[in-house]
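Enquirer: quick one, fold the following:
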Amino acid sequence: MPEPDASCADKIYESQFAEPAERLEAYADLAAIVKQLRRDCPWDRDQTHESVKHLLIEEAYEVVAAIDDGDWDELAEELGDVFLHVLFHAVIAAEDGRFTLADVIEAETDKLVRRHPHVFGDAATDDADAVAASWEEIKQQEENGGADPSSVLDGVPAQLPALLRAQRVQEKAAGVGFEFPDRDEAWTKVQEELEEFQDSVEDDQSSEQRQQEFGDLLFALVNYARYVDVTPENALRETTGRFTRRFQHVEARLSAEGASIDEADLSAVRRLWEEAKVRAE
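Expert: Purely as a prediction, here's the structure:
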């Protein structure tokens, strides 16, 4: 058994989890390369936080795509791209005298330690739900400096995809007891909203009213999903992916028969759609 690293003796984590020197060197090399690119590459030098912020979002989605595809080589590459953007923003900030990469790492380290008192403190629990609740409570205290928050919904980014934002808002509200007592009542709310949306269509209400009622229906469905352990964002993404694969199968089969989907007989399209549904995906 290897001897504990003396440099880890005063660390809060166990020495067995310390990164080996070669990995730290690899990280240092990447950070140095990013700094040199900022000096020597005209494109990298011209970029700002604002000019590349959308690329970070794009890279995050590519990480999700790699996970959905189960492509672990691709996942490693895409995680590297996300890490590159973290470094890039930190280097830009350091050049402007705002903060350094060390500040980023130290802040995140301190946050992880504070929000895991059951690991690094005296609290004790084996309940994942209790851990999540504790995390949110500590986060609220941090964001409001110990004072009462202006809203428990503070901290949910408006820029999140709509389904994910709805889920996070509902989770935070539920964290302070604002939720249905059980999933049956949550489902009743879905049915009520469905009826109201149908009425808005049948009564030929304005497009704004129909949109509002449809939004209420989606919000109720997202809420119900929480009670049955479904993540709406993931569910819709998977369904859209299945639809895309099946539709493209129909297109390919029709093309092989010398036809296009906009010209094909409806019965033929339906037959190929059913064929696509039974194919292994």
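
Enquirer: which residues touch residue 162?
Expert: Contacts for residue 162 (CB atoms under 8 Å, 6 or more residues apart in numbering) come out as residue 218. Bear in mind the C-beta positions are built from the backbone N, C-alpha and C, glycine included.

Enquirer: let's see 10 Å
Expert: 215, 218, 219, 222, 232, 233 (CB atoms under 10 Å, 6 or more residues apart in numbering).

Enquirer: buried members of those into ChimeraX, please.
Expert: Those of these that count as buried under 16 or more other CB atoms under 10 Å are selected in ChimeraX with:
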select :218,219,222,232,233
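
Enquirer: keep only those of the contacts of residue 162 that are in helices.
Expert: Taking DSSP state H as the definition of helices, the contacts of residue 162 contribute 215, 218, 219, 222, 232, 233.

Enquirer: what's near enough to touch the second one?
Expert: So that's residue 218. Contact analysis of residue 218 by CB under 10 Å, 6+ apart lists 162, 163, 166, 190, 193, 197, 232, 236.

Enquirer: how about the first one?
Expert: Taking CB under 10 Å, 6+ apart, we find residue 215 in contact with 162, 166, 193, 197.

Enquirer: what of the fifth one?
Expert: Residues touching residue 232, when contacts are defined by CB under 10 Å, 6+ apart, comprise 161-164, 166-167, 218, 221-226.

Enquirer: with respect to residue 118, which of these is nearest?
Expert: residue 226 (23.7 Å; CB to CB).

Enquirer: rewinding a little: possible to save the contacts of residue 232 as CSV with distance to residue 132 and pLDDT?
Expert: Below are the contacts of residue 232 laid out as CSV (distance: CB to CB, whole Å; pLDDT from 0 to 100):
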residue, distance to residue 132, pLDDT
161, 21, 91
162, 23, 93
163, 19, 94
164, 16, 93
166, 18, 96
167, 13, 95
218, 24, 97
221, 22, 97
222, 18, 97
223, 17, 97
224, 19, 97
225, 17, 97
226, 12, 94
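
Enquirer: ok, which pair from those is furthest apart?
Expert: The widest separation within the contacts of residue 232 (CB to CB) is 18.5 Å, between 161 and 224.

Enquirer: among these two, which residue is more densely surrounded?
Expert: Counted by other CB atoms under 10 Å, residue 161 and residue 224 do not tie: residue 224 has more neighbours, with 21 against 13.

Enquirer: thinking that one is in contact with residue 192, fair?
Expert: No - counting by CB atoms under 10 Å, residue 224 stays clear of residue 192, with 11.8 Å between them.

Enquirer: low pLDDT regions in the stretch 101-250 of the chain?
Expert: Within the stretch 101-250 of the chain, the segments meeting pLDDT under 70 span 140, 143-149.
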